[in-house]
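predicted model follows, preceded by the sequence.
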Amino acid sequence: MQATAPEPTLPTLHRASPAGAKPNPGLTPIMLNHAAWVTHDVAATADFYTRIMGMELASTVLDDSIPSTGDDIPYFHIFFRMQDGSTLAFFEAPGVPAPAKSTHPAYDIFNHIALQAKNREEVMKWYEWLKSNGIDVIGPTDHKGLILSIYFHDPAGVRLEITTPLDTEWNRHTDKGYEDLKLWVECKEKAKREGRDVPKALIELITGLRKRYD
């Protein structure tokens with residue numbers, strides 16, 4: 001009797017969801033269409049993304065109100081295209097005041113967008129090119145053997161990253177990701193129940209896990 005092949009195991013997309021939450025019906029975005037920010041100088045932004053970053057000016061929109069909300073804000077919307085067709089976009093709306101300062105340095109460090117380069121050599125070419133244009137660059141930084149990155153800012157103050165994978169499976173560590181998520185959440189909840197300092201408890205957790213990278 002011929003053995004039948006086992007049915008493929010579908011990914012458990014709701015492992016981190018609250019009890020009773022509906023599972024995802026199989027919807028996953030195809031790719032990044034665009035991410036958008038405000039700029040106060042669209043000409044400087046256009047020069048940066050076309051000349052410095054080598055992107056194509058993909059599309060523009062001018063309007064006197066916001067289509068999704070109806071707010072009466074005249075704006076210029078501009079898109080810049082990368083090799084895979086995904087885009088970065090910006091809005092200039094004269095009269096909009098500068099944004100409020102962040103309440104903690106973490107916001108200015110963690111909020112960023114990472115753009116992928118082919119390999120380590122190309123990351124370093126980016127480093128030299130950016131530096132030659134007077135742009136402050138942080139790095140290169142090796143993220144525990146996962147990716148190699150450099151960091152800098154565009155004229156609008158958006159923090160950008162040029163990165164390349166060092167681990168070919170860097171974005172396929174799903175099981176470990178769920179394990180880490182569980183450890184993190186449980187550590188926070190336990191610290192709160194015990195009236196302990198949450199950041200201190202998390203530092204203790206991280207110290208115990210650091211041997212993973214030794």
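Yes, it's here.

and the one helix or strand residue 208 maps to, what does it pack against?
Following DSSP states H and E, one finds residue 208 within helix 198-209. On a contact count with 3 or more C-beta pairs under 8 Å, 6 or more residues apart in numbering; DSSP states H and E, helix 198-209 meets helix 174-193. Just so you know, the C-beta spots here come from the backbone N, C-alpha and C atoms, and that holds for glycine as well.

name the residues of the helix holding residue 208 that are buried.
Counting neighbours by 16 or more other C-beta atoms under 10 Å, one finds that the buried residues in helix 198-209 are 201, 205.

restrict stretch 64-80 to CA atoms and write it as CSV.
Extracted in CSV, the C-alpha atoms of stretch 64-80 (Å, rounded to 0.1, in the frame of the first residue of the first chain):
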residue,chain,number,x,y,z
ASP,A,64,-6.1,71.6,-2.5
SER,A,65,-7.7,69.1,-0.1
ILE,A,66,-7.0,65.6,1.3
PRO,A,67,-9.1,63.0,-0.7
SER,A,68,-9.4,60.5,2.2
THR,A,69,-10.5,63.0,4.9
GLY,A,70,-11.6,66.2,3.1
ASP,A,71,-9.2,68.4,5.1
ASP,A,72,-8.6,71.7,3.2
ILE,A,73,-4.8,71.4,3.0
PRO,A,74,-3.1,72.2,-0.3
TYR,A,75,-0.2,69.9,-1.0
PHE,A,76,2.3,68.5,-3.4
HIS,A,77,2.7,64.8,-3.3
ILE,A,78,5.8,63.1,-4.9
PHE,A,79,6.9,59.5,-5.3
PHE,A,80,10.3,58.0,-5.9
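
identify the residues contacting the helix holding residue 208?
183, 184, 187, 188, 190, 191, 192 (C-beta atoms under 8 Å, 6 or more residues apart in numbering).
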